[in-house]
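[1] Need coordinates for the following:
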Amino acid sequence: MEKTSQKYNTYVQILKEELLPAMGCTEPIALAYAAAVARNILGDIPDRVVAGASGSIIKNAKSVIVPQTGHLKGIPAAVTAGIIAGDPEKKLEVIANASPRQIEQMKHFLEETEITVEHLNSGITFDILVTLYKGTSYSKVRIAGHHTNIILIEKDGNVLKQQEPDLKEQPLAGRELLNIEDIWDFINTVDINDIKEVLDRQMEYNWAIAEEGLKKSYGANIGKVLLGMSGNDLAVKAKAMAAAASDARMNGCELPVIINSGSGNQGITVSIPVMVYADELNSSKEQLYRALALSNLTAIHQKTSLGRLSAYCGAVNAGAGAGAGIAYLLGGSYEDIAHTIVNSLAIVSGIVCDGAKASCAAKIASSVEAGIFGYHMYRQGQQFFDGDGIVTKGVEATIKNVGRLGKEGMRETNEEIIKIMLGK
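    Numbering: from 1, shown residues only. You can find the predicted model right below:
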């Protein structure tokens, strides 16, 4: 791919847009960000809070521990953290610098302040509306479409900012230019200097939280369970390290990660297994950069047709991306990569997303396993064919089917999951 081409520059830009740092599960952090902005606009600590969120936000914020809060959980904790310790300038790292004193203040605020959580039925999958009250004064901030997309700021009846929500759920550079054949061309021809900085940060952050997840006890300790079963197996180690990072992230670890497609778990899944294989295979740093670019862009491409939040588990896409990256490190061709993705999606596309919590780590392990297994299937002359369920001839057609399944077919499933989680 020519370095001067629009497509080349778009692919580089997509990586820069998507591979961002975030501390804690991104849905609670988006709530904290909205609350921090609203507090700044209000100019004071509120005495009453109303936090509205779409069902998918509630699903992903209800059960996860918010970092930098002393292990507080859920939506009230997320908005409280943003109010007490949030720095809006830091966006998805909005509560990264919370002090011990502020954490104590959060606990008192939660005990003493009326915080109401409301289910927003706007028809927008990603929708947050935080309203803060202080006496007769109020401030209101709405985020819609994606995690930092503020579409409304209001204070005491005065609209300070207003725009239509981005229903496409896609920021900036054109995702419609993504396809597996061109991604393959890009990762084989890209000037490493154009992607090095963003991938170095992904490797540094995500590996650190994986090591942390294995050191301490987090969640269901899926990574430790896997290593206890078969610690010397390379595929098991790849699954375990990714699971350990998710264990830590979902259960209060205060280390940041580099996200993919708006998700820390997906950022973990596309990167850590590829790093494990590169280390074991003694791959060059250049090979690792190219493999990570392939894994990241493959996951982003799949996720584009699904949307940011649905009943379809995003780890499945990320696991297929990791499988593609690993296949590259093992010397795979374009055909190997394409069949790895199709085989992987055929195996685990039934995994549902029932919110952010400890079991995400196990779903990541299953998705990474499917990615690795999908590659070895094809290398041994085996594959799933056109007409095998949702599999259609060609990798792009199969990806399109998965997008349709997740975004349209599982719409009702998503609503039922939300009802179950809300006890309805």
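[2] which of the residues in stretch 335-352 are buried?
    For stretch 335-352, the neighbour count (16 or more other Cβ atoms under 10 Å) marks 336-349, 351-352 as buried. Where C-beta positions appear, they are placed from N, C-alpha and C, glycine not excepted.
[3] Need the residue closest to the centroid of the chain.
    Ser263 (0.8 Å; Cα atoms, centre = their mean).
[4] What pLDDT does the model give it?
    Note on Ser263: pLDDT of 90.
[5] Bridged to it, which residues?
    The partner list for Ser263 in beta bridges (DSSP bridges) reads Asn260.
[6] quick one: it from Lys16, how far?
    Applying Cβ to Cβ, to the nearest Å, the value for Ser263 to Lys16 is 17 Å.
[7] Show the subsequent helix or strand relative to the helix or strand containing Ile84.
    Assessed by DSSP states H and E, Ile84 sits inside helix 75-85. Counting by DSSP H and E, the next helix or strand C-terminal to helix 75-85 is helix 100-112.
[8] which outside residues touch that next one?
    45, 68-70, 72, 76-77, 80-81, 83-85, 98 (Cβ atoms under 8 Å, 6 or more residues apart in numbering).
[9] buried sites along it?
    102-103, 105-106, 109-110.
[10] Include distance to Ser122 when you put those residues into TSV, please.
    Shown next, in TSV, are the buried residues of helix 100-112 (distance: Cβ to Cβ, whole Å):
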residue	distance to Ser122
Gln102	32
Ile103	33
Gln105	32
Met106	28
Phe109	28
Leu110	27
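[11] out of these, which one sits closest to Ile124?
    Set against Ile124, the nearest of the buried residues of helix 100-112 by Cβ to Cβ is Leu110 (27.7 Å).
[12] any idea how far that closest one is from Ala77?
    Taking Cβ to Cβ, one finds Leu110 at 7 Å from Ala77.
[13] before we move on, back to that, what's the farthest-apart pair in the buried residues of stretch 335-352?
    Maximum distance among the buried residues of stretch 335-352 (Cβ to Cβ): 29.1 Å, for Asp336 and Val352.
[14] who wins for neighbours among the contacts of helix 100-112?
    Ala81 (31 neighbours; other Cβ atoms under 10 Å).
[15] I'd say that residue and Asn97 touch.
    No. Using Cβ atoms under 8 Å, Ala81 is not in contact with Asn97, being 11.3 Å away.
[16] intersection of neighbour lists for the two?
    By Cβ under 8 Å, 6+ apart, the residues touching both Ala81 and Asn97 are Gln68.
[17] pretty sure Ile151 is touching Val141, no?
    No. With contact defined as Cβ under 8 Å, Ile151 does not reach Val141; the gap is 9.2 Å.
[18] The two: which is more packed in?
    Set Ile151 next to Val141 and count neighbours by other Cβ under 10 Å: Val141 wins out with 29 against 18.
[19] Look at the more buried one and report its pLDDT.
    pLDDT, read off for Val141, is 98.
[20] So what are the sheet partners of the host helix or strand of it and their directions?
    Assigned by DSSP H and E, Val141 belongs to strand 137-144. In the sheet, strand 137-144 lines up against strand 127-134 (antiparallel), strand 150-155 (antiparallel) (DSSP bridges).
[21] quick one: pLDDT of Gly314?
    On the pLDDT scale, Gly314 gets 93.
[22] between the buried residues of stretch 335-352, which is nearest Val395?
    Looking across the buried residues of stretch 335-352 and measuring by Cβ to Cβ, the closest to Val395 is Ala338, at 4.1 Å.
[23] Identify the residues contacting the closest one.
    180, 395.
[24] And for the one 4 residues further on?
    Taking Cβ under 8 Å, 6+ apart as the definition of contact, the neighbours of Val342 are 374, 383-384, 391, 395, 398.
[25] What of Ala32?
    Here Ala32 is in contact with 66, 78-79, 81-82, 86, 94-95 (criterion: Cβ under 8 Å, 6+ apart).
[26] from those residues, which would you call buried?
    Buried, going by 16+ other Cβ under 10 Å: 66, 78-79, 81-82, 86, 94-95, out of those.
[27] Can you tell me which of these lies closest to Ala35?
    Gly82 (3.2 Å).
[28] ok, the closest one touching Ala34?
    Yes. Using Cβ under 8 Å, Gly82 is in contact with Ala34, at 6.9 Å.
[29] what residues are shared contacts of those two?
    The contact lists of Gly82 and Ala34 share Val130, where a contact means Cβ under 8 Å, 6+ apart.
[30] Can you list the buried residues in the one helix or strand Gly223 maps to?
    Assigned by DSSP H and E, Gly223 belongs to helix 222-230. Applying a neighbour-count criterion of 16+ other Cβ under 10 Å, one finds 222-227 buried in helix 222-230.
[31] how about the spatially closest residue to Met229 that is not a sequence neighbour, what does it touch?
    With sequence-adjacent residues excluded and distances taken as Cβ to Cβ, 6 or more residues apart in numbering, Met229 is closest to Val236, at 6.9 Å. Residues in contact with Val236 (Cβ under 8 Å, 6+ apart) are 226-227, 229-230.
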